[in-house]
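Asks: one predicted model, sequence on top.
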Amino acid sequence: MKQIKIILLASIIILLTACAAPGPNVNFDKNPNINISSAKTFAWLKESKALHISAGFNPIVKVRIDKAIEQALENKGYTFVTDTSKADLAVSYTVGSRDKIQIDSYPATFQGGFGWGRGYYGRYGRIGMSTETHVRNYTQGELAIDIYDVKTKQPAWHGWATKKLTKDDKENIEGLIKLIVSSTLANF
């Protein structure tokens with residue numbers, strides 16, 4: 001009986017964890033050979049600003065990402081300049097999404113009825129004999145921001161964030177963009 005309670009508790013915890021809408025998964029890498037500590041200005045690497053955008057991407061969302069990156073860097077004390085040759089840093093980004101499938105298997109839940117007699121304890125069989133499988137389709141979005149040292153023309157920093165996109169995210173796209181950009185640039 002104790003094993004069944006443990007299995008049920010573990011299943012509930014896993015289910016609640018899987019259903020929660022987690023924040024973005026953020027990471028970064030920096031070039032140890034490039035010192036940008038004295039940098040004060042930034043510009044876009046290319047006029048288009050993004051290095052790559054998935055086909056069919058909403059151009060209004062792109063403009064929002066452009067503005068969010070500029071604002072986040074200005075909030076960190078950098079000054080935006082329009083001429084890349086006069087900037088200390090050059091910035092670009094890549095954005096896209098990918099449809100994914102998540103498959104989870106759990107031990108079969110406790111089955112059976114309650115009452116007096118043989119069926120009182122239900123049917124639980126042997127542990128490991130049967131499983132329940134749940135299949136979920138979801139979209140994972142990704143934003144990667146690249147910062148280059150203009151003097152050396154070398155990459156200085158690369159940060160990226162991935163997130164499962166929920167219905168709430170799609171309804172509040174501006175808030176999502178600000179969250180992703182600020183989370184990604186937090187380590188810069």
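Replies: Right, received. Where do you want to start? Fair warning: this is a prediction, and the values are worked out from it, not measured in the lab.
Asks: C-alpha only now, for contacts and for neighbours.
Replies: OK.
Asks: give me the element Ile177 is part of.
Replies: For Ile177, the host element (DSSP states H and E) is helix 173-185.
Asks: okay, that helix in PDB with CA atoms only?
Replies: Extracted in PDB, the C-alpha atoms of helix 173-185 (Å, rounded to 0.1, in the frame of the first residue of the first chain):
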ATOM      1  CA  ILE A 173       3.500  38.600 -27.100                       C
ATOM      2  CA  GLU A 174       4.900  42.000 -26.100                       C
ATOM      3  CA  GLY A 175       5.300  40.800 -22.400                       C
ATOM      4  CA  LEU A 176       6.900  37.600 -23.600                       C
ATOM      5  CA  ILE A 177       9.400  39.400 -25.800                       C
ATOM      6  CA  LYS A 178      10.400  41.700 -23.000                       C
ATOM      7  CA  LEU A 179      10.800  38.700 -20.600                       C
ATOM      8  CA  ILE A 180      12.900  36.700 -23.100                       C
ATOM      9  CA  VAL A 181      15.100  39.600 -24.100                       C
ATOM     10  CA  SER A 182      15.800  40.800 -20.600                       C
ATOM     11  CA  SER A 183      16.400  37.200 -19.400                       C
ATOM     12  CA  THR A 184      18.800  36.600 -22.200                       C
ATOM     13  CA  LEU A 185      20.700  39.900 -21.800                       C
END
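Asks: who are the packing partners of it?
Replies: strand 25-30, helix 59-75, strand 131-149, strand 154-165 (3 or more CA pairs under 8 Å, 6 or more residues apart in numbering; DSSP states H and E).
Asks: what's it in contact with?
Replies: Applying CA atoms under 8 Å, 6 or more residues apart in numbering, the external contacts of helix 173-185 come out as 24, 26-28, 61, 64-65, 68-69, 72-73, 143-145, 159-161, 169.
Asks: just the buried members of the residues you listed?
Replies: Using 16 or more other CA atoms under 10 Å as the burial test, the contacts of helix 173-185 include 24, 26-28, 65, 68-69, 72-73, 143-145, 159-161 as buried.
Asks: pick the most buried one from the helices and strands packed on helix 173-185.
Replies: Among the helices and strands packed on helix 173-185, strand 154-165 has the highest mean neighbour count (mean count of other CA atoms under 10 Å), at a mean of 20.
Asks: tell me which residues in the helix or strand that it is followed by are buried?
Replies: Moving toward the C-terminus from strand 154-165, the next helix or strand (DSSP H and E) is helix 167-171. By 16+ other CA under 10 Å, helix 167-171 has no buried positions at all.
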